[in-house]
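Q: Give me coordinates for this.
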Amino acid sequence: MNRLPVIELRGTPSERGYQHGRALAGEIARTYERFVSDTTAGSPPVSERDLLAYAQGHLPESRAYAPDLVEEVEGIAAGAGMPFEKLWLLNAWDEADAIRLYQKVNARRACTSFAATGASTTDGRTIIGQNWDIYVGFDPVILKVAAGYGEIGARIFTYPGTIAGSGINDAGVAIVINTMRSLDARNGVIWAFLIRRVLQQTKLSDALHAAVSGVRAESFHFIIGAEFAALDIEATATRERIRYVSGHYGHANHFDERDLLPLEGNPASAPANTSYTRGWRMRQLLDEAAGRLDVETLKGILADHANYPGSICCHLDEPKSKAITRAGLIYVPAERRMLATNGQPCENPWIEY
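A: Have a look, this model is predicted:
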C-alpha cells in the first residue's frame, strides 16, 4: 500500500531529535535543498543567507516559549549531521516563505480545512481534516512520538527535519492548519512550535491557550478538535479571533473575521489565489451534507474538483501555481484515529495510522 513513512521517536527532547535526524538524514538534506531552491527562485531575488538570517530572528521568542522544542531541533541537526541554522530554517519554513510578503508576491494556493461535529455528523462525534497543499517534491512523513518528557503521545504529519505540521495526540486533541499571511508579521514564535505545544495538551481549553500564547511570529488558521467540539482560530501576529464549532465550518487561506481584514496579506486579486473559491466551496459541500457527514463523506469532499485545477483537491497548474495537494488528512478525536493519503485524495487510498 502507498503508506507514508512512520518514524518512531522516544526519550528526551534531544534524544527524540537525534533519532529523527539520524533516521531521515538524506531526506532532510534533500528537503532543505528543495526548500531553499524554491524559495530563492523568482523576483526579486532572495539568497539562502537572507533566509537563514530571517529565520534566526524567530529563535529568541521561540526558545522562550518552548526551550524543549529548540533542544529537539538541535538534536535533529546533530543526528542529520547538518548545521543547526539549516534545521532551524526548515522548522521556520512557513515564516521564511513569507519573506516576499512586502513585495506583494506571496499569494498562492495552499490548504483547505474543515471541522464537523454535533448535529452535522451522523453520530455527533467530531471530525476535522484538511488537504495539505505544497510545492511538488516535498515528501511528508509521520512522526510517532512516545509519551514522556513533556509528551503525551502523538502522531504528527510533517516533513523531514520539521517537528510538527498537523496531528492528533493520545488524549484525542487534534489540529489542522492553513497558511495565512498578515501585514503585522514580526520576530516571534514559529507556528511549528505552537502546533507541537497544542499536541502536548489533554484538554481543548489548554490547547487553545497553547495556540495563542507567546509572541507569535505571523498569522495562521488552526482548527483544534476534541471529542465534543472544535475551535476555529484565525490569528495574526498580534490579534486572534476564536469560533466555537458545534456544527460544521470550512476554511482556506484568507481571513473571514471582519476586524482582521485590514491585515490581510493574501489578496484576492492575485492570479494564483484560489483561497476564496476553495474556502466557500468547502462550506457549500459541508452545508449540503449536514447531518450526514461521516468519514467517507468527508473523504469525498477532500477529493472535490470544482474549479479544477485550483480546487479543494489541488492539481498542478504551471506557471500560475506550483502547488499540489500532497496529502489528505482526517482525524476522529473520540477514536484517536488518524487517516491520511500519500498524495492527492482523488488518486490515492486512505490509510489509517
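Q: Let me see the ranges of the helices in the chain.
A: 13-23, 25-40, 48-56, 59-65, 67-80, 84-91, 93-97, 191-198, 204-212, 275-288, 295-302 (DSSP state H).
Q: weakest of the ones you listed in terms of mean pLDDT?
A: Mean pLDDT is lowest for helix 93-97 out of these, coming in at a mean of 89.
Q: who does that helix touch, helix- and strand-wise?
A: If you count contacts as 3 or more C-beta pairs under 8 Å, 6 or more residues apart in numbering; DSSP states H and E, helix 93-97 packs onto helix 25-40, helix 48-56, helix 191-198. Every C-beta, even on glycine, is put in place using the N, C-alpha and C of the backbone.
Q: Using PDB, write out every CA atom in stretch 12-26.
A: Output in PDB follows, covering the C-alpha atoms of stretch 12-26 (Å, rounded to 0.1, in the frame of the first residue of the first chain):
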ATOM      1  CA  THR A  12      14.300  13.300  26.000                       C
ATOM      2  CA  PRO A  13      13.800  16.200  23.500                       C
ATOM      3  CA  SER A  14      17.500  15.800  22.400                       C
ATOM      4  CA  GLU A  15      17.100  12.100  22.000                       C
ATOM      5  CA  ARG A  16      13.900  12.400  20.000                       C
ATOM      6  CA  GLY A  17      15.600  14.900  17.800                       C
ATOM      7  CA  TYR A  18      18.700  12.800  17.300                       C
ATOM      8  CA  GLN A  19      16.500   9.800  16.300                       C
ATOM      9  CA  HIS A  20      14.600  11.900  13.800                       C
ATOM     10  CA  GLY A  21      17.800  13.400  12.300                       C
ATOM     11  CA  ARG A  22      19.600  10.100  12.000                       C
ATOM     12  CA  ALA A  23      16.600   8.200  10.500                       C
ATOM     13  CA  LEU A  24      15.900  10.800   7.900                       C
ATOM     14  CA  ALA A  25      19.400  12.400   7.300                       C
ATOM     15  CA  GLY A  26      19.300  12.000   3.500                       C
END
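Q: if we can go back for a sec, the helices of the chain: which one's closest to Cys111?
A: Closest approach to Cys111 among the helices of the chain is made by helix 275-288 (8.9 Å; C-beta to C-beta).
Q: buried residues in the closest one?
A: For helix 275-288, the buried set under the neighbour-count rule, 16 or more other C-beta atoms under 10 Å, comprises Ser275, Thr277, Arg278, Gly279, Arg281, Met282, Arg283, Leu285, Leu286.
Q: So which residues make contact with that helix?
A: Residues outside helix 275-288 that contact it (C-beta atoms under 8 Å, 6 or more residues apart in numbering): 109-110, 112-114, 116, 120, 248-254, 256, 266, 268, 293, 301, 304, 306-307, 310-312.
Q: Which residues are in contact with Leu261?
A: So Leu261 contacts Phe255 (C-beta under 8 Å, 6+ apart).
Q: Distance check, it against Phe255.
A: With distances taken as C-beta to C-beta, to the nearest Å, Leu261 is found 6 Å from Phe255.
Q: try Ile301
A: 22 Å.
Q: and if you look at Cys111?
A: Separation of Cys111 from Phe255 (C-beta to C-beta): 15 Å.
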